[in-house]
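Student: Whatever this is, show me its structure:
(chains A and B)
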Amino acid sequence: GAGVSQSPSNKVTEKGKDVELRCDPISGHTALYWYRQSLGQGLEFLIYFQGNSAPDKSGLPSDRFSAERTGGSVSTLTIQRTQQEDSAVYLCASSSGPGSYGYTFGSGTRLTVV
Amino acid sequence: DQQVKQNSPSLSVQEGRISILNCDYTNSMFDYFLWYKKYPAEGPTFLISISSIKDKNEDGRFTVFLNKSAKHLSLHIVPSQPGDSAVYFCAASVKPGNTPLVFGKGTRLSVIA
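Tutor: Now for the predicted structure:
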């Protein structure tokens, strides 16, 4: 597609439930990033995929968070047993590859845990 | 530990005047810096960047200045326009490498007509 697509745009879930957030990167972009923005905070790095390399998971805040990228394209971020502190806007970005800093971001998924 | 700091959460400027947004960093390994702009309910969009081999980069109304010795950069917008009202994020990275960008907390700019 023309841009990075994220779904859903909004998600309200009950504490303790699992959620899946989806990201469709720009076609041909080999690098994909997940960030989140909590209220009053900056963009916090979560995980980074580059081609077929092992992902950089160094930003995942706990083992309740995981992500996969199938076929080098679509990525899913899964949060298990959601907590209220997981409430944030989750942003996905893609770029053409390592050394490219021209990230294109999606519009994000606003997650609210009640 | 915040490696990229934007100490002003908000800034208000009159239309036509200069807007100056500041950013400080602590990691001396950073050598590539970017500014992103974000409107509500949209993802951040790339605005302008600068490499550490330069101290200034200009693109139309936007100029970024880098002071490596002070670990400080700033974004100047002149003249400011109401459409510039947005949140501006400073970001930095080590180059070369596959390290993701590190972002600051952002500064909300309001340009008043």
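
Student: Touching, B:W35 and B:N57? I think so.
Tutor: No. B:W35 lies out of contact with B:N57 (CB atoms under 8 Å); the separation is 10.1 Å. Using the backbone N, CA and C atoms, a C-beta is placed for each residue, glycine as well.

Student: more crowded one of the two?
Tutor: Just comparing B:W35 and B:N57: by other CB atoms under 10 Å in any protein chain shown the higher neighbour count belongs to B:W35, 23 against 15.

Student: separation between the residue lying closest to that one once chain neighbours are set aside and chain A?
Tutor: Setting aside the residues directly before and after it, B:W35 is nearest to B:L47 in space (CB to CB, 6 or more residues apart in numbering or on different chains), at 4.5 Å. Noted for B:L47: a distance of 11 Å to chain A, by CB to the nearest CB, to the nearest Å.

Student: and B:P100, what is it in contact with?
Tutor: Going by CB atoms under 8 Å, 6 or more residues apart in numbering or on different chains, B:P100 touches A:Y33, A:F45, A:Y48, A:D56, A:G59, B:S93.

Student: From the residues you listed, pick the one nearest A:S75.
Tutor: Nearest to A:S75, judged by CB to CB, of those is A:Y33 at 9.3 Å.

Student: Now do the same for the closest one: helix, strand or coil?
Tutor: Put simply, A:Y33 is strand when judged by DSSP: H, G, I helix; E, B strand; the rest coil.

Student: Counting neighbours, which of the contacts of B:P100 comes out on top?
Tutor: The residue in the contacts of B:P100 with the most neighbours, by other CB under 10 Å, is A:Y33 (26 neighbours).

Student: Tell me how many other residues crowd the closest residue to it other than its chain neighbours.
Tutor: Nearest non-adjacent residue to A:Y33, counting by CB to CB, 6+ apart: A:A93, 4.6 Å away. The number of residues packed around A:A93, counting by other CB under 10 Å, is 27.

Student: A:A93 pairs with what?
Tutor: Beta-bridge partners recorded for A:A93 (DSSP bridges): A:Y33, A:F105.

Student: Enumerate the residues of chain A near chain B.
Tutor: Neighbours of chain B within chain A, by CB under 8 Å from any CB of the partner chain: A:4, A:31, A:33, A:35, A:40-45, A:48, A:50, A:53, A:56, A:59, A:91, A:93, A:98-99, A:101-108.

Student: on that earlier part again, list residues touching both of B:W35 and B:N57?
Tutor: Common neighbours of B:W35 and B:N57 (CB under 8 Å, 6+ apart) are B:I48, B:S49, B:V64.
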